[in-house]
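1. Have a look at this prediction, sequence included:
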Protein chains: 2
Amino acid sequence: MGEADEQGAPRRATVKDVAALAGVSRATAARALNSYGYVGEEAAEKVRAAAEALGYHGNRVAQALRQGQLPLVGFVPGDIQNPFFARIAHDIDVALRARGLSLIIASSEEDPAQERALVGNLQALNLRGMIVAPASDADNRHLARAAAEMALVLIDRDLDLACDSITVDNRGGAREAVGWLIAQGHRRIAVIHEGPGLVTARQRLAGYHEALRAAGIAPDPSLEGLAPSTVEHAIDATIRLFSGPQRPSALFTFDSQMTKGALLALRSMGLAVPQDVSVLGFDDFDLATFTDPQITVVAQPVGQIGALAVQMLVDRLQGLDAPPRRHLFPTRLILRGSVARKSV
Amino acid sequence: MGEADEQGAPRRATVKDVAALAGVSRATAARALNSYGYVGEEAAEKVRAAAEALGYHGNRVAQALRQGQLPLVGFVPGDIQNPFFARIAHDIDVALRARGLSLIIASSEEDPAQERALVGNLQALNLRGMIVAPASDADNRHLARAAAEMALVLIDRDLDLACDSITVDNRGGAREAVGWLIAQGHRRIAVIHEGPGLVTARQRLAGYHEALRAAGIAPDPSLEGLAPSTVEHAIDATIRLFSGPQRPSALFTFDSQMTKGALLALRSMGLAVPQDVSVLGFDDFDLATFTDPQITVVAQPVGQIGALAVQMLVDRLQGLDAPPRRHLFPTRLILRGSVARKSV
DNA sequence: AGCCTGTATGAGATCGGTCCCACATCGGCG
DNA sequence: CGCCGATGTGGGACCGATCTCATACAGGCT
C-alpha cells in the first residue's frame, strides 16, 4: 500500500486525483471547481478540501485543447529593447490582464525571416490573437494567413491586409517638423532615415520632401543619410553628413536611437547644438529632456497605442464583424531648445 | 455531398483531415509529418502533399498536452519598461530562441500580489521553466511551489529557495561607490533607497553603512531618503534631503529611475552637479553619458545576466541534478564627471 | 398513485495530437 | 517450405480537462 511518492518529479495533481480523494466523479469535481451546473454543497466542500490538500491547480493546456484556445495574446514588436515598443508592450500587458488574458512577447529584431518564424510559432499555439509591428512590408503572406485564422492588429506600420491597424501620421508629423525648421530660417536640412524598406521611413521621408517642396526648396540627395536604427550607425551617418564642405544647418532624425547617435556624433565633432546645428527628432524619449539643450521632437502618442490595440483585438474576439478599422494617430511637435533661429 | 464550407471560421486542418485527404491513417500521417518510425516513401509523399494543400500546421497545444509541456519559458520581471529588465528580456529571448524555445513575459509591476497571480498563471500553462525577478522576499510560497514543479531561476534578487539564482554584488558595489565618495572628501553622503522590502535595497544600504563605518563616519538617519523607484518619487525625496539646513555634499541613488529623478530635482533647485552636489548612481543607463556632466555609476553586467539565466535553466531542463547554484556577478565603478573632489 | 420539475451525480465522448502494439507483407535463408 | 527479421500500416489508448446526456431521487401537484 502507499504509492511511489519518493523521488522523481511529484506528478501534478489532476482533477482525477481531486475527484478520487473527494470520493466523487471527475465531472462533479470539475463542476465544483469551476462552479457551474448543479453541485451539492456537501460534495462541493469535499472537492474544495481535496483540491486544497493536493495543491491542485488546473492545467491550462488541457483546458485550452478542450475549449479551443489559450487565454493568450501574442505581441511581435520590432525590438523589445526600443523604449517605444517596451512602453507599448507594457500597456498591452496591463490592458490584457484587466481582461483575463496574458501576453506572450516575441521580438522580431526587425528581421522579416525571424518574424515569419515567430508568427508561425505563435499561430501554432492557438492564441486568441496577435498584435504585430511588421518588420517589412514585402512578403507578408504569413500575416495574411494569421489574419485569416485569428484576430490580428497591426501597429506602427500599416500593411494592405484585411485586419485592424494603428499607425501615427508619419507624413504629417515629418512635414510639420521640417516646416518648423524652414520657418526658423533653415534651408539645408539633413535627414537620417532607415531606408525605403520600412513604411514608416518612407512616409516620414515623403513628409520631409513635401515640406521642402512647399517652401520651394529643391531636395538635395546628398543631405539624405541612410542608417539602420542603431546609435552606432547613426553616428557614422551623422559624421558623413556633416563632414562635407557645405555643412547643413539642421538635422532631422527618424527615431530616438538615431537622435542619440546624432547628438553623440555632433558632440564628438565639436559642433554645438543648437548654435552650430539645429536638431529635431521623430519620437520623444526620456533623454530628450535631460540633455542641454533639451531636444525638440515630434511626439507620438505612445501611451495610447497599446490600450487601443488591445481594445481593437478584444472587439474582434467578441465577434465584432466590421470591415478593417485603420486608426491614424496625429503627432505633436514639442518645441524645446535644440532648434535655433537661423540668421540669414 | 460537399461539407458546409462557406462562411464562419474556416476550421483549421488537423492530422485527421490530412490523413483522410492522403488516404492513410492518422498514425501514418503523424509519422510522415514528424518523420519518425517507418513510413513508406509513397505514403510520406502523399501526406506531405495533403498537408501542403490544406495549409496544415500542427497544434502545439495538443502536442503539449500529450507530451507534457509547452516549449515555452516564462519571464517575470519587476517592470518591463525598466531598461534594465528590457535588456535582460531581450537577451533571454535571443538565448531561448537559439534553443527552440519561446519566451512569455508577464511583468509583475513590482506588486507581490500580482506576481503571485502571474506565477500561478504561468505554472498552469505547463511551461518548461521560469525566470523570475521576485518583487518581494516575504511570502514566496508561490515560488517555492513553482520551483518544486519546474525549473526556476531567480535573477537580480535572491531568495532562500532551492533553485538557481543570479545576482550582482549589491553590497560590494555600494561599498565601493560610497568609499569612492569618501575618498573624494565627502562626509555628508545622502542616499535614496526603495525601503527594506527589497533585498537589493537592503544589501546596497548595508554596503553604504559599511563604507561609512570603515571611514569612521557615523550614519545619519536624516540622510537616508526613502522612495519607490519612480522618477516622481525620487524628485520628492531629493528635494526633502536637500532642503535641510546642513546640505549633504553628495548623493547616492539606488537605481537609474532615481538617478534621473535626483538630477531633475537638483536642477530645479538650482544646485549644480558636481559643483554643489556630487551624484553617484547604482545601475548604468544610456542617459548617464548624455548629461553634462556625465554621471558616475556602479555598473551591473546587464548583458550577461539573461544569457546565463537561460543557460542555467536549460541545464536543469536537461536533467542537471546539482544543488542550487548561486551566481554572484561583481559590479564595476565607472568614473565619469558627476563626482567632484570636496575641498575640506 | 402517477407525473412532472428541479437538483445532483456519474459515464463517456471529445479536443488534436503521439505512440504503443498488433497485424500485415515481403524477401532471404536454412 | 517454413521461419525470421525488417518494413510499413492501422487501431486504439492516452494526455487532462470540459460538457452532454442519461439516470436517480426528492418533493409537489393533480
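-> Received it, and whenever you're ready, just let me know what you need. Residues are numbered from 1 along each chain as shown, chains lettered A, B, ... in the order given.

2. If we look just around DNA strand C, which residues of chain A are in range?
-> Proximity of chain A to DNA strand C (Cβ under 7 Å from any atom of the strand) is limited to residues A:23-28, A:31, A:37-44, A:62, A:65-66. For every residue, glycine as well, the C-beta is placed using N, CA and C.

3. which of those residues are buried?
-> With burial judged by 16 or more other Cβ atoms under 10 Å in any protein chain shown, the buried subset of those is A:24, A:28, A:31, A:39, A:43, A:44, A:62, A:65.

4. got a markdown table for these, with secondary structure and distance to DNA strand D too?
-> Shown next, in a markdown table, are those (DSSP: H, G, I helix; E, B strand; the rest coil; distance: Cβ to the nearest atom of the strand, whole Å):
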| residue | secondary structure | distance to DNA strand D |
| --- | --- | --- |
| A:24 | coil | 12 |
| A:28 | helix | 9 |
| A:31 | helix | 7 |
| A:39 | coil | 12 |
| A:43 | helix | 13 |
| A:44 | helix | 14 |
| A:62 | helix | 3 |
| A:65 | helix | 4 |
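
5. Contacting chain B as well, which ones from those residues?
-> Among those, proximity to chain B is found for A:62, A:65 (Cβ under 8 Å from any Cβ of the partner chain).

6. Generate JSON lines for the buried ones among the residues of chain A next to DNA strand C, with pLDDT as supplementary columns.
-> Output for those, formatted as JSON lines (pLDDT from 0 to 100):
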{"residue": "A:24", "pLDDT": "94"}
{"residue": "A:28", "pLDDT": "95"}
{"residue": "A:31", "pLDDT": "94"}
{"residue": "A:39", "pLDDT": "91"}
{"residue": "A:43", "pLDDT": "93"}
{"residue": "A:44", "pLDDT": "94"}
{"residue": "A:62", "pLDDT": "94"}
{"residue": "A:65", "pLDDT": "93"}
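
7. now, among the buried ones among the residues of chain A next to DNA strand C, which is nearest to residue A:148?
-> Closest approach between those and residue A:148, by Cβ to Cβ: residue A:65, at 21.6 Å.

8. May I ask you to confirm that the closest one is in contact with residue B:62?
-> Yes - using Cβ atoms under 8 Å, residue A:65 is in contact with residue B:62, at 5.5 Å.

9. got the buried ones among the residues of chain A next to DNA strand C as JSON lines, with distance to residue B:101 columns?
-> Output for those, formatted as JSON lines (distance: Cβ to Cβ, whole Å):
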{"residue": "A:24", "distance to residue B:101": "38"}
{"residue": "A:28", "distance to residue B:101": "38"}
{"residue": "A:31", "distance to residue B:101": "36"}
{"residue": "A:39", "distance to residue B:101": "40"}
{"residue": "A:43", "distance to residue B:101": "41"}
{"residue": "A:44", "distance to residue B:101": "39"}
{"residue": "A:62", "distance to residue B:101": "21"}
{"residue": "A:65", "distance to residue B:101": "20"}
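
10. and which of the buried ones among the residues of chain A next to DNA strand C is nearest residue B:155?
-> Of all these, residue B:155 sits closest to residue A:62, with 30.2 Å by Cβ to Cβ.

11. What are the boundaries of the strands in the stretch 201-344 of chain A?
-> A:224-226, A:250-253, A:278-282, A:296-299, A:326-329, A:332-334 (DSSP state E, counting those that start in this stretch).

12. deepest of these, which one?
-> Comparing the strands of the stretch 201-344 of chain A by mean neighbour count (mean count of other Cβ atoms under 10 Å in any protein chain shown), strand A:250-253 ranks first with a mean of 30.

13. where does residue A:146 land in three-state SS?
-> helix (DSSP: H, G, I helix; E, B strand; the rest coil).

14. what's around it, how many residues?
-> By other Cβ atoms under 10 Å in any protein chain shown, 24 other residues sit near residue A:146.

15. For it, give me its contacts.
-> Contacts for residue A:146 (Cβ atoms under 8 Å, 6 or more residues apart in numbering or on different chains) come out as A:119, A:122, A:123, A:130, A:132, A:152.

16. likewise residue A:228?
-> Taking Cβ under 8 Å, 6+ apart as the criterion, residue A:228 is in contact with A:194, A:195.

17. any idea how far it lies from residue A:138?
-> Residue A:228 sits 17 Å away from residue A:138, going by Cβ to Cβ, to the nearest Å.

18. cool, and residue A:217?
-> To residue A:138, residue A:217 is 32 Å away according to Cβ to Cβ.

19. Was I right to think residue A:187 contacts residue A:249?
-> Yes - assessed by Cβ under 8 Å, residue A:187 is found in contact with residue A:249 at 7.2 Å.

20. So which residues on the stretch 151-300 of chain A come close to chain B?
-> Residues of the stretch 151-300 of chain A lying near chain B (Cβ under 8 Å from any Cβ): A:260, A:263, A:264, A:286, A:287, A:290, A:291, A:292.

21. Map the structural domains onto the sequence of chain A.
-> A:15-58, A:71-167+A:302-330, A:170-301 (automatic domain parsing).

22. I'd like to know which of these is closest to residue B:210.
-> Closest of the domains of chain A to residue B:210 is domain A:170-301, at 31.4 Å (criterion: Cβ to Cβ).

23. Quick one: end-to-end length of that closest one, please.
-> 12 Å (Cα to Cα, to the nearest Å).

24. In CSV, list the strands of the stretch 201-344 of chain A along with mean pLDDT.
-> CSV is the format used below for the strands of the stretch 201-344 of chain A (pLDDT from 0 to 100):
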stretch, mean pLDDT
strand A:224-226, 96
strand A:250-253, 98
strand A:278-282, 98
strand A:296-299, 98
strand A:326-329, 97
strand A:332-334, 98
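
25. Skipping adjacent residues, who's closest to the residue of the stretch 201-344 of chain A found nearest chain B in space?
-> Here the stretch 201-344 of chain A gets closest to chain B at one residue, residue A:287, 5.0 Å apart by Cβ to the nearest Cβ. Leaving aside its sequence neighbours, residue A:287 sits nearest to residue B:287 (Cβ to Cβ, 6 or more residues apart in numbering or on different chains; 5.0 Å).

26. Also residue A:261?
-> residue A:234 (2.6 Å).

27. do residue A:154 as well
-> Closest residue to residue A:154 apart from its sequence neighbours, by Cβ to Cβ, 6+ apart: residue A:165 at 4.0 Å.

28. Can I take it that that neighbour is in a strand?
-> Yes - the assignment for residue A:165 by three-state DSSP puts it in a strand.

29. What residues does it make contact with?
-> With Cβ under 8 Å, 6+ apart, residue A:165 has these contacts: A:153, A:154, A:155, A:158, A:159, A:324, A:325, A:326, A:327.

30. Pull out the buried members of the residues you listed.
-> Of the contacts of residue A:165, these count as buried by 16+ other Cβ under 10 Å: A:153, A:154, A:155, A:158, A:159, A:327.

31. Looking at those, which two lie furthest apart in space?
-> The most distant members of the buried ones among the contacts of residue A:165, if one measures by Cβ to Cβ, are A:159 and A:327, lying 14.3 Å apart.

32. who touches the host helix or strand of residue A:73?
-> Residue A:73 is part of strand A:72-76 when elements are defined by DSSP states H and E. With contact meaning Cβ under 8 Å, 6+ apart, strand A:72-76 is reached by A:89, A:92, A:96, A:101-108, A:115, A:118-119, A:122, A:125, A:127-133, A:310, A:313, B:104.
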